[in-house]
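Enquirer: Predicted model, plus sequence, below.
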Amino acid sequence: MTELLGTRAELAAWLASTAGTRAVVLTMGALHAGHEALMRAARAEVGESGTVLTTIFVNPAQFGPHEDFAEYPRTLEADLARCVANGIDAVFAPDVLEVYPPDEEITEYEPGPLANELEGAARPGHFAGVLKVVSRLLQLTEADVTFFGEKDYQQLTLVRRLMRMEPRLADCRVVAVPIMRAPDGLALSSRNRYLSEEQRTQALAIPETIALVRQLCADGLTAEQAAHVGRGFLRTSPGVTLDYVVVRSVGLGTAPAVGEARVLVAARVGHTRLLDNGPVIIKGHEA
Ligand code: AMP
């Protein structure tokens, strides 16, 4: 049975009635197969003796004043059906005042310079808002282990940093889950539903850029050379406005000359901003 919990009091009562390892999957709802991959990974981790809780909360703190907070898709009934189908034990879907009561001081974090780059450059304050809600929800839900998609790779990197920064989360583990894609290669995202059919096709240039950069890195180009070609490809793709194509180290520092790295892409298709990324191996120049 899947319990629907709307308040912190209901959540606390449910927590008190359950035992075993607690896995928590944080989402903003508008659930799709990518979220379901996190739920499956959570169940596989804790087994039937543990519990899996999903949160559905569109966090105002991570949206800028001109972003799509008000328009962000809210599909609670369909979301609950997906949670039931995935054997989730409880769904915590609080309203804003439950998470941020006006009379309580909520810890804010200084996420460091990485929070001002890439997504952070496009969305000032975004990651501070993400870390605030992640910390809050993981504490409220008493998570032992939590699951984050590699789809939001910079977020995953900064959440790992949060776990080292916040002693109250010292016992909570973070597990990364690979990106779920549609059969044509587009990374699943709640925002894909904004795309027209034509835009949906145009958006395929994003995973194509990832594949191109991966190939160029494998062929011996440097990280910057490969990213440069990727930028050129995406810039000339119809209907797509490039934001960035970069190759970084797996920890999102400067890319190594040789070895494992990550390509990250952000682009707009119409008004919809889409993200994607993937692993690359930089072969380096032949000696
Ligand atoms: P969101 O509801 O967009 O905040 O996403 C909630 C969680 O689901 C985050 O950890 C995301 O990285 C993850 N997620 C979203 N889309 C995907 C996807 N296509 N594949 C894997 N994880 C995803």
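Expert: Arrived safely.

Enquirer: Now do the contacts for residue 262.
Expert: Residue 262 makes contacts with 153, 247-250, 252, 277-280, as judged by CB atoms under 8 Å, 6 or more residues apart in numbering. Just so you know, the C-beta spots here come from the backbone N, C-alpha and C atoms, and that holds for glycine as well.

Enquirer: Buried ones among the residues you listed?
Expert: Buried residues within the contacts of residue 262, counting neighbours by 16 or more other CB atoms under 10 Å: 153, 247-248, 252, 277-278, 280.

Enquirer: Out of the residues you listed, which comes closest to the ligand?
Expert: Closest to the ligand out of the buried ones among the contacts of residue 262 is residue 153 (8.3 Å), distances taken as CB to the nearest ligand atom.

Enquirer: Quick check, the closest one in contact with residue 264.
Expert: Yes. Assessed by CB atoms under 8 Å, residue 153 is found in contact with residue 264 at 6.2 Å.

Enquirer: Name the nearest residue to residue 148, ignoring sequence neighbours.
Expert: Spatial nearest neighbour of residue 148, chain neighbours left out: residue 156 (4.6 Å); criterion: CB to CB, 6 or more residues apart in numbering.

Enquirer: and the one you found, which of the three is it?
Expert: Following DSSP: H, G, I helix; E, B strand; the rest coil, we place residue 156 in the helix state.

Enquirer: Compute the number of surrounding residues for it.
Expert: Neighbour count for residue 156, taken as other CB atoms under 10 Å: 19.

Enquirer: what do you get for residue 232?
Expert: Using other CB under 10 Å, residue 232 has 14 other residues around it.

Enquirer: Just say helix, strand or coil for it.
Expert: helix.

Enquirer: From residue 213, how far off is it?
Expert: To residue 213, residue 232 is 11 Å away according to CB to CB, to the nearest Å.

Enquirer: go on, residue 113?
Expert: On the measure of CB to CB, residue 113 and residue 213 end up 24 Å apart.
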